[in-house]
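1. Need a 3D model of the sequence below.
(one chain, ligands or ions: 1)
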Amino acid sequence: MALVAAATALAGFAAPQLLAHGDVTPQAVDTSALPDIGEEWLGENPYTGNETAIKIGASAYNQNCARCHGLEGISGGIAPDLRYLELGPSGDEWYIERYRNGSSHDGKVYMPPFGEVLGQKAGWAIRSWVETKYTDE
Ligand code: HEC
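-> The predicted structure follows:
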């Protein structure tokens, strides 16, 4: 009897965790060391090559994006491999659109939106780090 209860408790405990996979709480990113860029969303990365931004971006990526896009930006297949994201303005534009709004189709969320939760500075910091991983191979 006790065994059944334990098994039930375990199942009840494990299920919500599985369901929560695509919906983990975003981890706040401290961007106070980065230059302010205003409230208005920019279309191009203001931090490209900025060492501080790259460092902040690396850790923000690991905490918020790696579970889907893979460690070091190397995707395991559930989400696109961000190393192939084009460099420069057209890549920036596509990047920030996804970052802000995420992606859903047919009522299913493929990627949650991050614009409101992490903010613009964190978004461009992550983009700066992603740029350092770029490859066309
Ligand atoms: C829950 C999983 C998940 C998380 C977390 C996630 N993404 Fe995504 N992302 C996806 C999926 C799936 C797609 C593809 C969406 C589509 O094609 O409709 C995608 C697409 C993208 C794209 C477009 C890539 C392309 O080649 O078209 C960018 C850029 C992107 N994500 C950036 C990020 C960043 C930055 C973070 C962290 C702040 C992040 N994502 C977190 C799942 C995720």
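2. who in the protein is up against the ligand?
-> Taking Cβ under 6 Å from any ligand atom as the contact definition, the chain meets the ligand at 22, 64-65, 67-69, 79-80, 82, 85, 95, 98-99, 103, 110-111, 114, 126. C-beta here means a position set from N, CA and C on the backbone, and glycine is covered the same way.
3. Buried ones in stretch 106-124, by neighbour count?
-> Under the neighbour-count criterion of 16 or more other Cβ atoms under 10 Å, stretch 106-124 has M111, P112, P113, F114, G115, L118, Q120, K121, A122, G123, W124 buried.
4. what's the most distant pair in these?
-> Farthest pair in the buried residues of stretch 106-124 (Cβ to Cβ) is M111 and K121. Separation: 19.8 Å.
5. Flag every buried residue along stretch 86-94.
-> Quick answer for stretch 86-94 (16+ other Cβ under 10 Å): G91, D92.
6. what's in contact with it?
-> Here stretch 86-94 makes contact (Cβ atoms under 8 Å, 6 or more residues apart in numbering) with G43, E44, N45, L85, R127, E131, Y134.
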